[in-house]
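Enquirer: give me a 3D structure for the following:
(chains A, B, C and D)
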Protein chains: 2
Amino acid sequence: MSGAERAGGMSRAGQAGRLTAKGERTRARIVAAAARLMHEGGVAETTIEDVKAAAGVSSSQLYHYFADKEELVQAVIDYQAGQIVGNTKRAGLGTPAGLRAWRDLVVAQAARASGQGGCPLGSLGGQLAETDPTARGQIAGGFGRWSDALRDGLRDLQAAGQLKPGLDPDELAVTLLASLQGGLLLAQVQRDARALEITLDTFLSLVLAS
Amino acid sequence: MSGAERAGGMSRAGQAGRLTAKGERTRARIVAAAARLMHEGGVAETTIEDVKAAAGVSSSQLYHYFADKEELVQAVIDYQAGQIVGNTKRAGLGTPAGLRAWRDLVVAQAARASGQGGCPLGSLGGQLAETDPTARGQIAGGFGRWSDALRDGLRDLQAAGQLKPGLDPDELAVTLLASLQGGLLLAQVQRDARALEITLDTFLSLVLAS
DNA sequence: CGCAAAATGGATTGTCAAATCCAGAATTGA
DNA sequence: TCAATTCTGGATTTGACAATCCATTTTGCG
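Expert: From the prediction side, this is the model:
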């Protein structure tokens, strides 16, 4: 899991050279600030200056840890993908109750923000897919791991006889992820979580047994 | 950004009242070029200069028809929403065969482009929802009309007894639209239409009467 | 302790794209 | 016809923002 999935530790401008504890903290502060701003306001709209102000760092600090904005964006992608996949794995989707609780959580989060920001990972995909091939690949990888986490839960459900017969957990996982992404996009655009709620509920009622 | 430019040079962009036939053509050429470029490469990436070059117009022409880039983007949204809703209405989703043909068309289009560009309307939503409130509202309206068109087809299917019992066409329409959007986003990010295919097929098999 | 590496401050520069401006040409309608 | 308007050309200006630079302080380690 921690793995050397991508070339993700080499963010240092110029050459390798590890980070001190203080440096690690500063870097994390920058990434967290950038992630928040980019989620709330979009990548293109978020300027380096915004990030500097929000994180409380100077130009030299930011460019000490990231070669350019592209590299910062890629760090943000890793950060968001890690958060999401971790949360999903921890959600316990292997039981109907767990799946429903996860549905409630997702809907509640979207409702609280009136859909604003959309999916922390998916919205980055929509913004970067055509402009940053490296980012696109990272996001695709994040979706892959996310889909795997969903599939694991659905497999457990199937093994427990909680799915309608004849369904393939792998295909259901892709469908669930797509439904979630689309529901979050509709909620984001409509500033209303209802579409997300309808979508997830319809999916669950179609695939859960009884 | 200071006011008072209303008096003198007032380029009447926005009000589509008095365009000559030639002007109409020029305007349409600009919108079509912008729509193509923004779909293929993203909104932020597409510069006014790109649009000028692709449409074969000068600065003064472009700013004669559109007050600023934002207004051009909004014209593109109207254009794409109109295309999509029209196509959907013409697709004849009221029969299982028509619905499957529509599914084939959508998948084939995505596959031909390897997912690139995503949904002509939805990708605009992901890029503009947090940066342009007017655009966000327009896209929401487009989704609404699109959803209505899907609902009409699903109602016909239900009336013909072609849907599994107990399903609500309104909710199914939202779910189908969300699944489509999510599937297109996954296809765009993964540069592969398979996720879209799986998503639509799973949806159809879950809702169509055996 | 001492000195190399790491971390920070912040002014500055360079680039590029959006938007403006001053014309002049084409068309419309009375 | 001819004058008002619509449309077009393209150089120029403006402004924002990413990225650089040099100087200074702090930290880690031998």
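Enquirer: need the residues of chain A near DNA strand C, please.
Expert: A:17-20, A:22-24, A:26, A:57-61, A:63-64 (C-beta under 7 Å from any atom of the strand). The C-beta positions use only the backbone N, C-alpha and C, and glycine is treated the same way.
Enquirer: so which of the residues you listed comes closest to DNA strand C?
Expert: Closest to DNA strand C out of the residues of chain A next to DNA strand C is A:Gly23 (2.0 Å), distances taken as C-beta to the nearest atom of the strand.
Enquirer: these two touch, right, that closest one and A:Tyr65?
Expert: Yes - using C-beta atoms under 8 Å, A:Gly23 makes contact with A:Tyr65 at a distance of 7.4 Å.
Enquirer: coming back round to it: now the buried members of the residues of chain A next to DNA strand C.
Expert: Among the residues of chain A next to DNA strand C, those scoring as buried are A:19, A:26, A:57, A:61, A:63-64 (criterion: 16 or more other C-beta atoms under 10 Å in any protein chain shown).
Enquirer: burial check on A:Glu197, number of neighbours?
Expert: Residues contacting A:Glu197 under the criterion other C-beta atoms under 10 Å in any protein chain shown number 21.
Enquirer: distance of the spatially closest residue to A:Ser58 that is not a sequence neighbour relative to chain B?
Expert: Distances taken as C-beta to C-beta, 6 or more residues apart in numbering or on different chains put A:Lys52 closest to A:Ser58, at 6.6 Å, once the chain neighbours are dropped. Using C-beta to the nearest C-beta, to the nearest Å, A:Lys52 is found at 20 Å from chain B.
Enquirer: let me know the pLDDT of A:Lys52.
Expert: pLDDT recorded at A:Lys52 is 98.
Enquirer: go ahead and confirm it touches A:Ser60.
Expert: No - counting by C-beta under 8 Å, A:Lys52 stays clear of A:Ser60, with 10.2 Å between them.
Enquirer: list the residues that contact both of the two?
Expert: Counting by C-beta atoms under 8 Å, 6 or more residues apart in numbering or on different chains, no residue touches both A:Lys52 and A:Ser60.
Enquirer: now the closest residue in space to A:Thr134 that isn't next to it in sequence: how far from A:Leu167?
Expert: Spatially, and ignoring its direct neighbours in sequence, A:Thr134 is nearest to A:Gln74 (6.3 Å; C-beta to C-beta, 6+ apart). Using C-beta to C-beta, to the nearest Å, A:Gln74 is found at 36 Å from A:Leu167.
Enquirer: likewise for A:Asp104?
Expert: Distance of A:Asp104 to A:Leu167, given as C-beta to C-beta: 22 Å.
Enquirer: try A:Leu124
Expert: Counting by C-beta to C-beta - A:Leu124 and A:Leu167 are separated by 30 Å.
Enquirer: A:Ala28 too?
Expert: From A:Ala28 to A:Leu167 the distance is 41 Å (C-beta to C-beta).
Enquirer: please identify which of the two sits among more neighbours.
Expert: A:Leu167 (19 against 15).
Enquirer: wait, a helix at the more buried one?
Expert: No - judged by DSSP: H, G, I helix; E, B strand; the rest coil, A:Leu167 forms no part of a helix; its state is coil.
Enquirer: next up, phi/psi of A:Leu208, please.
Expert: phi -80, psi 140 (degrees, to the nearest 10).
Enquirer: contact partners for the closest residue to it other than its chain neighbours?
Expert: Distances taken as C-beta to C-beta, 6+ apart place A:Pro96 nearest to A:Leu208, at 5.9 Å, with adjacent residues excluded. Contacts for A:Pro96 (C-beta under 8 Å, 6+ apart) come out as A:157, A:162, A:208.
Enquirer: cool, and A:Arg100?
Expert: A:Arg100 neighbours (C-beta under 8 Å, 6+ apart): A:Leu204.
Enquirer: which element is it on?
Expert: Under the criterion of DSSP states H and E, A:Arg100 resides in helix A:96-112.
Enquirer: just the buried residues of that helix, please?
Expert: In helix A:96-112, counting by 16+ other C-beta under 10 Å, buried: A:96, A:99, A:102-103, A:106-107, A:110.
Enquirer: pLDDT below threshold where in chain A?
Expert: A:1-17 (pLDDT under 70).
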